[in-house]
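In: here you go, sequence then predicted model.
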Amino acid sequence: MKTGIITTDTYLNHNTGEGHPERADRVTVVIDHLKKIKSKNLIWKKPKKFDPKYLEYTHDKEYLDNVNKSFPKQGLNFLDGDTIVSPGSKDATIDAVGSILIGIDGVMKKDFNNAFCPVRPPGHHAEKKKAMGFCVYNNVAVGAYYLLEKYKLKKVAIIDFDVHHGNGTQDIFYNNEKVLYISSHQYPYYPGSGAANEKGNKDNVLNIPLSAGTQSHEFFNAYEIIFKKLKTFKPDFILLSAGFDAHKDDPLAQINLESKDYYTLTKRILSLAKVLCGGKIDQVLSSTPIAFAGLAYDNTLSMSSLRKASTSDSLTSRDAKILVPTMQHIKDKDKGEV
């Protein structure tokens, strides 16, 4: 089983300023660890230019124009209180989206079975008309529209297990019956949205609010509700918006998942994807992505959660530790165990 790794080094030039928690280290540590996996089944690719109409499906035209004008020639510019852009952010934001689209193409064309896209900036807080929470373009939402418009799929599901609710993704698809948005997240917590009664105008939103202190067994019990909803919806493709800030070592949130829980969750979702949509997945780190045929996985590596955290080395060390289950999953696939 082959996995596409789609990334490029333009993310290094997205400068958010000294001391900002959403920084290049968060992706670099992921890429460095992936490079340690010596496997012929890892297919490394770079993003390509794409038709801007897919951004226009996702975001308001006026918003896109304002973002395009916001990239400074030097220094930094604030799109909101903590969403910062620099001269290098223009290419980085486009390549973050483009990586996901290449991952989807590879899965749909069967170049590889799944894909992982280590990119930045993240996306799930970006609304149709507003930047927010380190996010400029909603990467996973663009991917969903890409599947609907280019590949004419009928149904796409997005699963978001970042500890923060993906208010942007919910905002973009609240009235779209073709997209099922599912989020498990700490609540109440930033950004304040994600109550259980927010169900979408087409019954296409499922929010699973988790109380501070939630343990692994409670988390997986909640996912039985999610799996049931997925089976009813029967998606053609699943996108995973995967943040790892529900880990017990996260310095701000209070959900107590273990590293091994992400491995277990990934295996459960993959097994279900095989039944529902032929195993198609694109996984993206919410601050980054992985793609698996029929399932796209927006893998955020807890960037959005570290809004006020320090930039100590311990944070990137923690991300590396949490990545281990994903690496093990890839090794298991090589052995034919998944």
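Out: In hand now; what should we look at?

In: tell me the contacts of the residue nearest to residue 258 when sequence neighbours are not counted?
Out: Excluding its sequence neighbours, the residue lying closest to residue 258 (Cβ to Cβ, 6 or more residues apart in numbering) is residue 216, at 6.0 Å. All C-beta atoms are positioned from the backbone trio N, CA, C, and that covers glycine. Shown in contact with residue 216 (Cβ atoms under 8 Å, 6 or more residues apart in numbering): 256, 257, 258, 261.

In: just checking, the last one touches residue 217?
Out: So that's residue 261. No: the criterion here is Cβ atoms under 8 Å, and residue 261 misses it with residue 217 at 9.8 Å.

In: so these two - more neighbours on which side?
Out: For residue 261 versus residue 217, neighbours defined as other Cβ atoms under 10 Å are more numerous around residue 261 (22 against 9).

In: in what helix or strand does that one lie?
Out: helix 259-277 (DSSP states H and E).

In: now swap in residue 241 and tell me
Out: Going by DSSP H and E, residue 241 is part of strand 237-242.

In: pull up the pairing partners for that strand, direction included.
Out: Note on strand 237-242: by DSSP bridges, its sheet partners are strand 156-160 (parallel), strand 281-285 (parallel), strand 295-299 (parallel).

In: chain center to that strand: distance?
Out: 7 Å (Cα atoms, centre = their mean, to the nearest Å).

In: stretch 149-158 now?
Out: Centroid separation for stretch 149-158 versus its chain: 17 Å, with Cα atoms, centre = their mean.

In: list of residues touching it?
Out: With contact meaning Cβ under 8 Å, 6+ apart, stretch 149-158 is reached by 54, 57, 104, 108, 140-141, 144, 147-148, 166, 169, 173, 178-182, 230, 233-241, 295-296, 298.

In: buried ones among these?
Out: With burial judged by 16 or more other Cβ atoms under 10 Å, the buried subset of the contacts of stretch 149-158 is 54, 104, 108, 140-141, 144, 147-148, 166, 169, 173, 178-182, 230, 233, 235-241, 295-296, 298.

In: helices along the stretch 1-150 of the chain, start to end?
Out: In the stretch 1-150 of the chain, the helices defined using DSSP state H, counting those that start in this stretch lie at 25-34, 53-58, 61-70, 89-108, 139-149.

In: returning to that earlier point: pull out the buried positions in the helix holding residue 261.
Out: If you call a residue buried by 16+ other Cβ under 10 Å, then helix 259-277 has these buried ones: 259, 261-266, 269-270, 272-274, 276-277.

In: what segments of the stretch 101-250 of the chain are strands?
Out: 114-117, 156-160, 179-186, 205-210, 237-242 (DSSP state E, counting those that start in this stretch).

In: okay if I get these as a markdown table plus mean pLDDT and distance to residue 90?
Out: Output for the strands of the stretch 101-250 of the chain, formatted as a markdown table (pLDDT from 0 to 100; distance: least, Cβ to Cβ, whole Å):
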| stretch | mean pLDDT | distance to residue 90 |
| --- | --- | --- |
| strand 114-117 | 84 | 19 |
| strand 156-160 | 96 | 26 |
| strand 179-186 | 98 | 27 |
| strand 205-210 | 98 | 32 |
| strand 237-242 | 89 | 23 |
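
In: could the ones you listed go into JSON lines alongside distance to residue 27?
Out: Converted to JSON lines, the strands of the stretch 101-250 of the chain look like this (distance: least, Cβ to Cβ, whole Å):
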{"stretch": "strand 114-117", "distance to residue 27": "10"}
{"stretch": "strand 156-160", "distance to residue 27": "19"}
{"stretch": "strand 179-186", "distance to residue 27": "22"}
{"stretch": "strand 205-210", "distance to residue 27": "26"}
{"stretch": "strand 237-242", "distance to residue 27": "14"}
